[in-house]
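Q: Kindly generate the corresponding structure for this input.
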Amino acid sequence: MKFLKRSSRSAAAKGSGGAKGFAQIGSGRLEAFSDGVMAIAITLLSLDIKLPEYSGDLLDDLAALWPTYVGFVLSFMLIGQVWLNHHAVFHILRAVDQRVLVFNLLLLLDVVFLPFATSVLTNSLERGSQARVGAVFYGGVMVVGGLLFNALWHSAIRNPSNLRHEIPRSVVRRMSLRFALGPVLYAFACVLGAINAWLSIGTYVCLIVFYMMDSMAAPRNGA
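A: As a prediction, the model looks like this:
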């Protein structure tokens, strides 16, 4: 009986990946759920694009909606970049534990809040005088998202049994540095937004280009 009890405890420890109270599950279901939530968040962005009020010149009416176009494209690309980074994380995971589930949910909370932050930004651009407030608010949402993404990443890699065995440690270190830059650069863009909203928006565009180019280069580097 004592042998059976020891065997049961040993099996439970193996099933939990060695982390007390944090049982592991396959990562596929969580990734599929996250993909669906991000797809819905991107779709919600389009709801802010309204038909113009016809005033006699349709071209002018469409042109007057330029803040909406800017906000839609910017947030679409930012959510897309979050999705690419999220995919990169789960590409190297074979399992997840409870910590990963919690931080992933918090990250998705930030993602689905982004359409509202986008509406605040576009409305402030239309008013002009409130553009800086809108840019700082939008930037704050991105900073929180960046911090939550890093929390998700570090909760995933803190348990070595979560990782695929063939992933070299150099790849993990490179990804850690890459992700750590995110909230720092988002915070910088947020500060710029307090000075000029367009400086903030321009910084986000540069960040999108940088991360997308880096994402495309990652497979060739072994990530």
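
Q: contacts and neighbour counts: CA atoms only from here.
A: Fine.

Q: And the pLDDT at Val209?
A: Val209 carries a pLDDT value of 87.

Q: and it, how far is that from Gly202?
A: Separation of Val209 from Gly202 (C-alpha to C-alpha, to the nearest Å) stands at 11 Å.

Q: Could you list the buried residues of the strand or helix carrying Leu181?
A: Here Leu181 sits within helix 169-195, counting by DSSP states H and E. By neighbour count on 16 or more other C-alpha atoms under 10 Å, the buried set for helix 169-195 is 172, 175, 179-180, 182-183, 185-195.

Q: ditto for stretch 88-103
A: Neighbour-count burial for stretch 88-103 [16+ other C-alpha under 10 Å]: 88-101, 103.

Q: what's the closest of these to Gly145?
A: Minimum distance to Gly145 across the buried residues of stretch 88-103 is 10.6 Å, recorded for Phe103 (C-alpha to C-alpha).

Q: just checking, the closest one touches His154?
A: No - with contacts counted by C-alpha atoms under 8 Å, Phe103 stays clear of His154, the gap being 9.9 Å.

Q: Show me the shaky parts of the protein.
A: Within the chain, the ranges that satisfy pLDDT under 70 run 1-26, 166, 215-223.

Q: All the helices of the protein, residue numbers only.
A: Applying DSSP state H to the chain gives helices spanning 2-15, 28-46, 58-63, 66-91, 98-127, 131-157, 169-195, 197-217.

Q: closest to Pro52 out of these?
A: That would be, of the helices of the chain and by C-alpha to C-alpha, helix 58-63, which comes in at 5.7 Å.

Q: Quick one: list the elements packing against that closest one.
A: Applying 3 or more C-alpha pairs under 8 Å, 6 or more residues apart in numbering; DSSP states H and E, one finds that helix 58-63 contacts no other helix or strand.

Q: what does it rub up against?
A: Here helix 58-63 makes contact (C-alpha atoms under 8 Å, 6 or more residues apart in numbering) with Pro52, Glu53, Tyr54, Ser55.

Q: I'd like to know how far the residue most central in space within the chain sits from Gly145.
A: The centroid of the chain falls nearest to Val82 when counting by C-alpha atoms, centre = their mean (3.3 Å). Going from Val82 to Gly145 by C-alpha to C-alpha gives 9 Å.

Q: what's the answer for Leu47, then?
A: Relative to Gly145, and taking C-alpha to C-alpha, Leu47 is found at 22 Å.

Q: More neighbours: those two, which one.
A: Comparing Leu47 with Gly145 by neighbour count (other C-alpha atoms under 10 Å), the higher total belongs to Gly145, at 24 against 11.

Q: hang on, isn't the more buried one packed against Phe103?
A: No - using C-alpha under 8 Å, Gly145 makes no contact with Phe103, being 10.6 Å away.

Q: quick revisit: list the helices and strands the helix holding Leu181 packs on?
A: For helix 169-195, the helices and strands in contact under the criterion 3+ C-alpha pairs under 8 Å, 6+ apart are helix 131-157, helix 197-217.

Q: 10 Å - rerun?
A: Packing partners of helix 169-195 (3 or more C-alpha pairs under 10 Å, 6 or more residues apart in numbering; DSSP states H and E): helix 66-91, helix 131-157, helix 197-217.
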